[in-house]
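1. Kindly return the folded structure for what I paste below:
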Amino acid sequence: MLRLHARKLVLLVCLIAACDFVHPYLAIAYLQRTIAGATSASAETEALCRANRWFHSGYTPTYDVTTRDADGAELRPWQDGSYERVAWVRLTWSTGQSVERTLLTRDALGCVFGE
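-> So this is what the prediction gives:
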């Protein structure tokens with residue numbers, strides 16, 4: 001009987017560890033889908049701000065941001081203040097997952113850059 005309880009405990013611990021490992025990947029997959037699939041400016045803003053909130057809440061790992069202007073030139077708005085020229089963003093999480101988006105609005109840039 002004791003061995004049966006030990007097996008159940010080991011199985012439970014393994015299941016918890018697996019969920020802890022898989023959770024960030026599933027959360028990021030959801031964020032990727034909502035960011036890429038946003039069809040309105042408000043949905044885009046909500047999806048990008050959700051990515052920032054989830055990072056700060058500990059649901060997802062950190063992400064890097066790459067930005068480009070309408071001509072495809074890389075921008076660094078956090079250094080030179082060129083936020084008004086940003087037309088495209090890519091979020092790349094530390095898991096290697098990423099999502100790219102041509103922006104409908106710049107309203108979410110404050111969330112993207114954590115400001």
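2. three-state assignment of residue 28?
-> Of the three states, residue 28 takes helix according to DSSP: H, G, I helix; E, B strand; the rest coil.
3. where's the residue nearest to it when sequence neighbours are not counted relative to residue 26, distance?
-> Among residues not flanking residue 28 along the chain, residue 97 sits closest, at 4.7 Å (C-beta to C-beta, 6 or more residues apart in numbering). No exception for glycine: its C-beta is placed from N, CA and C like everyone else's. Distance of residue 97 to residue 26, given as C-beta to C-beta, to the nearest Å: 11 Å.
4. Which one's more surrounded, the two?
-> Neighbours per residue (other C-beta atoms under 10 Å) separate residue 97 from residue 26, with residue 97 holding more: 18 against 11.
5. ok, the more buried one to residue 24 distance?
-> To residue 24, residue 97 is 9 Å away according to C-beta to C-beta.
6. Just give me the neighbour total for residue 59.
-> Burial measure for residue 59: 16 neighbouring residues, criterion other C-beta under 10 Å.
7. That one is in what secondary structure piece?
-> Using DSSP states H and E, residue 59 maps to neither a helix nor a strand.
8. Would you confirm that it contacts residue 28?
-> No - using C-beta atoms under 8 Å, residue 59 is not in contact with residue 28, being 9.2 Å away.
9. what sits in contact with each of the two?
-> Applying C-beta atoms under 8 Å, 6 or more residues apart in numbering, one finds that no residue jointly contacts residue 59 and residue 28.
10. what bits of this structure have low per-residue confidence?
-> Residue ranges of the chain with pLDDT under 70: 1-2, 18-20, 115.
11. Now do the helices in it.
-> For the chain, applying DSSP state H gives helices covering 2-37, 41-57, 77-80, 109-112.
12. quick revisit: quick one: contacts for the residue nearest to residue 28?
-> Contact analysis of residue 97 by C-beta under 8 Å, 6+ apart lists 25, 28-29, 32.
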